[in-house]
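J.: Predicted coordinates and the sequence they were generated for:
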Amino acid sequence: MISSLRNFAKTKFAGLLVFIMIIPFVFWGMGGMFSSGNTNNIAKINNNSISTEDFIDYVNKSGIPEKTIRENLEQNIIEEILSGLVSTTLLDLEIKDFDLTISEVTLLKKIKENKNFRDENGVFQRIKYEKFLLENNLSAPGFEQRLKLRELQRNLFDYIGAGTTSPQFLTTKLFNEENQKLEIEFIDLNDFYVNKDDITDKELENFIKDNKDELKIEYLDFSYTIINPKNLIGVDDFNQSFFDKIDEIEVSISNEIDFKTITSNFDLKPVDISNFRFSTDKNEIEKKIYELRNNKFDIFENKNDYILYNIKNITQKSPDLSDKQIKEEVLELVFQKNKFDYNQKLLNEITNKKFNDNNFSEMGKDKIQAINLNSVRDNKKFDINAVEVLYSLPEKSFTLINDENNNIYLAKVKKFEQQTIDTNKEEFKQYISKQNSNNKNSLLKSYDTFLNDKYDVSLNQQTIERVKNYFK
């Protein structure tokens, strides 16, 4: 399953792949597909070909199980792996272009400095290194080649991002952006929504009429029986005899023997359910049968039991307001729609600059509250994403924000208060590092654009399909 691929991403070698994917190479669609030439090539970067042998070798080295690849072909796993190989190849080409090298002495030093290969006194232990290789099924030359590649890639990014030391005013600006205090005023919009008790039955009926196709409810008629060793073979043990009987039932299903005959042949007591409508408070087994409704006759495991079921009929009906639970659900939908419509109308007024201080004061009256936020990270009242939005707006502006419980507020950005910091303090040095990192990331994004212009990446779709067939 795809979870196996996610687990693979946590391995040591996956870390190398994550590192080389720092630059998001978006190459799908770049260049034309091969119309002729060597069908053994799966991709081409300028005049450099990537063969199917290169790809299979890359897959083998990645450690992704063949089963994982086979089970995720429809999720484009082949394309994802090929993306990684193309990215790696692009970096190799750039390393060669910049003539970057790493000596054997430097490589040996990197290995000896690895804390995983040192004892408690910090002394390199050859036996620890060899044990690591054995546990990870690696050869020394293979591991050292990977380490060399990683260091060359790191050197490449360091080279591209060189000279990113920031002037003090940019660091100060970043500090102020993240640490300036913000005074806001806000109004809780819960006080302005239509109360549930004020929503009439006529409104509910009109809502159902206007949304009749979306609101139709599925009702199921079905039968099922719970199977365990006790009621199937008369003992409590899950022995071979029990599983042989389960196999017989599965064969009967495959041979299209009907539910009633199977339960009779195995002396199982069925449970008949009519007009079943899904809701969270229903029986867990019956909810599971509802989820499997596209397969009308089957058997599945449920904890320590097997469940044989047969869905006889599925009908769709409009919500029945005489059903108390259904009426409550429809009422909640109408209530939420009214809230959404109110919020949308208010937001449109703000966007179109038809909402001002007078409107805010008139609307708020005695409901306006105030709060001071200490920084862009201050989420004691509002959701952190909402706080970031507030800090991105100019003074005297309005917006809608939410808290972590999804309550909605109309907020006014009242005043920013700039903060000062001693440039000699350790905190300021941390912001220097952060600003340098921001600058470096900006350079790498520009480098990504440069690579898109420098390299033409073409894919051989026919070869990709052949590779997929290989794994089927």
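T.: Yep, it's here.
J.: contacts, neighbours, all on C-alpha from now
T.: Will do.
J.: can you count the residues close to Asp366?
T.: Residues within reach of Asp366, counting by other CA atoms under 10 Å, total 9.
J.: likewise Leu85?
T.: 19.
J.: what residues are up against it?
T.: Phe55, Tyr58 (CA atoms under 8 Å, 6 or more residues apart in numbering).
J.: and it, what element?
T.: helix 77-97 (DSSP states H and E).
J.: Please apply the same query to Glu178.
T.: Counting by DSSP H and E, Glu178 is part of helix 168-179.
J.: Rounded mean pLDDT for that helix, please.
T.: Mean per-residue pLDDT for helix 168-179: 67.
J.: in the longest strand belonging to the chain, what's buried?
T.: Looking across the chain with DSSP state E, the single longest strand is strand 305-317. Buried residues in strand 305-317, counted by 16 or more other CA atoms under 10 Å: Tyr306, Ile307, Leu308, Tyr309, Asn310, Ile311.
J.: Then stretch 349-369?
T.: Buried-residue list, stretch 349-369, by 16+ other CA under 10 Å: Ile350, Phe355, Phe360, Gly364.
J.: what's the answer for stretch 200-214, then?
T.: Applying 16+ other CA under 10 Å to stretch 200-214 flags Leu204, Glu205, Phe207, Ile208 as buried.
J.: before we move on, back to that, following the helix holding Leu85, which helix or strand comes up?
T.: In N-to-C order, the element after helix 77-97 by DSSP H and E is helix 104-113.
J.: After the longest strand of the chain, which helix or strand is next?
T.: helix 324-351.
J.: helices and strands around that following helix, which ones?
T.: Judged by 3 or more CA pairs under 8 Å, 6 or more residues apart in numbering; DSSP states H and E, the packing partners of helix 324-351 are helix 201-210, strand 398-402.
J.: right, and the helix or strand after the longest one?
T.: Beyond helix 201-210 in the direction of the C-terminus, DSSP H and E gives the next helix or strand as strand 217-227.
J.: what does the shortest one give?
T.: Using DSSP H and E, the next helix or strand after strand 398-402 towards the C-terminus is strand 408-417.
J.: ok, residues contacting that following strand?
T.: Residues contacting strand 408-417 (CA under 8 Å, 6+ apart): 180-190, 390, 393-402.
J.: for it, which positions count as buried?
T.: Quick answer for strand 408-417 (16+ other CA under 10 Å): Ile408, Tyr409, Leu410, Ala411, Lys412, Val413, Lys414, Phe416.
J.: and those as CSV, adding pLDDT?
T.: Formatted as CSV, those follow (pLDDT from 0 to 100):
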residue, pLDDT
Ile408, 96
Tyr409, 97
Leu410, 97
Ala411, 96
Lys412, 96
Val413, 95
Lys414, 94
Phe416, 89
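J.: Tell me where the stretch 1-150 of the chain has strands.
T.: Assigned by DSSP state E, counting those that start in this stretch, the stretch 1-150 of the chain shows strands spanning 41-45, 48-51.
J.: Dump those to a markdown table, plus mean pLDDT, mean neighbour count and distance to Lys216.
T.: Supplementary listing: the strands of the stretch 1-150 of the chain in a markdown table, determined by pLDDT from 0 to 100; neighbours: other CA atoms under 10 Å; distance: least, CA to CA, whole Å:
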| stretch | mean pLDDT | mean neighbour count | distance to Lys216 |
| --- | --- | --- | --- |
| strand 41-45 | 89 | 22 | 49 |
| strand 48-51 | 90 | 16 | 53 |
